[in-house]
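K.L.:
Please work out how this folds:
(one chain, ligands or ions: 1)
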Amino acid sequence: MKEEFEMKKKVEIDWKNLGFDYMKTDQRYLSYWKDGNWDEGVLTEDNVLHLGEASPCLHYGQQCFEGLKAYRTKNGDIQLFRVDQNAKRLQDSCRRLLMPEIPDETFIKACLDVVKANEAYLPPYGSGGSLYIRPMVIGVGNSIAVKPASEFLFTVFCMPVGAYFKGGLTPVNFMVSAYDRAACYGTGQQKVGGNYAASLIAHEIAVEKGFADCIYLDPTTHTKIEEVGAANFFGITKNNCFVTPKSLSILPSITKYSLLYLAENVLGLKTSEKDVYIDELDEFSEAGACGTAAVITPIGGIEYKNKLHVFFSETEVGPITTKLYDTLTAIQLGDIEGPEGWITKL
Ligand SMILES: Cc1ncc(COP(=O)(O)O)c(C=O)c1O
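P.N.:
Alright, predicted model coming up:
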């Protein structure tokens, strides 16, 4: 019976045309924190949360989340990419928002259990899809005062996804936004909902104008590149240096740090985390956006002050961006071995 059910799911999903829309899968993990402790945690079929109306996550944004992926390898195995790094980043977000941390082992086990319980939804090798995992911690328990919640929920769900930006490894254009997504000493380095709420209008304006998304400049001087939508920026200089912005208000992208490592240790490039000035884009021969969802999305051009600055090409992908993409995705899909500790097998 179970096998038939899984077969049916596989037939029903059009793996090659998956986007990034929510899809309910069979099981999710749920754990409750009260009186100083997380409970055992359970897998449940119920995808609706029952919260008090005065839960601080609903009013004051006391919540944080993560995003990572599980991949099907050529021989049918299932593996997660750098799940320990997502555990660490969630802990950092929890600390910043005065929420109880999720220990590494709990986080990793919850992700693995959820993937295992929803194995039928894992896109096949070669389809271009993967299983996106969304852990989150939210402050619950009724309390209308502006103070940390008294109770918390940790939940993990997953869904099959394809390309985040249409077209996968195809260049897309971005425009520079006049809005900031995060303040200098705010929560830009953490993965918390408020940053994303602040970015919705900028994203909408960019899409209305025909761009894939927008680029945020630094909130203090508006002269330096910060984020590319919900992804980090990288550029390849004309003398082959992989450059990515350094700032207090950028989310430390796990993909970006993986690319920094691969650029230096596999491709033999120089690397640098430094200020990237929006009026000095001429130094780059290629540029891209990187993140779990975006993977590597080549940046065709950036519109700033009504002028489109094109990097390599608006239609072709540069050679170094292609090499980085091939190396990263080969590790994620298990075609080549990654650095120690990057892959966790189911
Ligand atoms: C604002 C923002 N920047 C960058 C990234 C990329 O981070 P990561 O590579 O860890 O997914 C994300 C998440 O995907 C994000 O939401």
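K.L.:
Report the contact partners of the nearest residue to Leu262 once chain neighbours are set aside.
P.N.:
Excluding its sequence neighbours, the residue lying closest to Leu262 (C-beta to C-beta, 6 or more residues apart in numbering) is Thr327, at 5.2 Å. From N, CA and C alone the C-beta is placed, and that goes for glycine too. Shown in contact with Thr327 (C-beta atoms under 8 Å, 6 or more residues apart in numbering): Leu262, Val266, Leu267, Ile336.
K.L.:
A helix includes Thr327, no?
P.N.:
Yes. With DSSP: H, G, I helix; E, B strand; the rest coil as the criterion, Thr327 is located in a helix.
K.L.:
Close to the ligand: what parts of the stretch 1-150 of the chain are there?
P.N.:
Within the stretch 1-150 of the chain, the residues that sit near the ligand (C-beta under 6 Å from any ligand atom) are Gly67.
K.L.:
for the stretch 1-150 of the chain, what spans make up the helices?
P.N.:
Using DSSP state H, counting those that start in this stretch, the helices found in the stretch 1-150 of the chain span residues 2-12, 56-59, 83-96, 104-117.
K.L.:
among those helices, which gets the worst mean confidence?
P.N.:
With a mean of 51, helix 2-12 has the lowest mean pLDDT of the helices of the stretch 1-150 of the chain.
K.L.:
ok, what's across the strand from the closest residue to Ser93 other than its chain neighbours?
P.N.:
Leaving out its chain neighbours, the residue that sits closest to Ser93 by C-beta to C-beta, 6+ apart is Cys64, at 3.5 Å. With DSSP bridges as the criterion, Cys64 is bridged to Val137, Val192.
K.L.:
list the contacts for Cys64?
P.N.:
Leu90, Ser93, Cys94, Arg96, Leu97, Met99, Met136, Val137, Gln190, Lys191, Val192, Gly193.
K.L.:
most surrounded residue in the residues you listed?
P.N.:
Val137 (27 neighbours; other C-beta atoms under 10 Å).
K.L.:
mind listing what it touches?
P.N.:
Contacts of Val137 by C-beta under 8 Å, 6+ apart are Gln63, Cys64, Phe65, Leu90, Ser93, Cys94, Met99, Pro100, Ile102, Phe152, Leu153, Phe154.
K.L.:
The fifth one is in contact with Gly194, isn't it?
P.N.:
No. Here Ser93 does not reach Gly194: they are 11.1 Å apart, not a contact under C-beta atoms under 8 Å.
K.L.:
which of the contacts of Cys64 sit farthest apart?
P.N.:
Arg96 and Met136 (14.7 Å; C-beta to C-beta).
K.L.:
Hmm, Asp218 is touching Lys224, no?
P.N.:
Yes. With contact defined as C-beta under 8 Å, Asp218 reaches Lys224; the gap is 4.3 Å.
K.L.:
Of those two, which one has the most company?
P.N.:
Asp218 (23 against 20).
K.L.:
coming back round to it: between Asp218 and Lys224, what contacts are shared?
P.N.:
Joint contacts of Asp218 and Lys224 (C-beta under 8 Å, 6+ apart) are Ser247.
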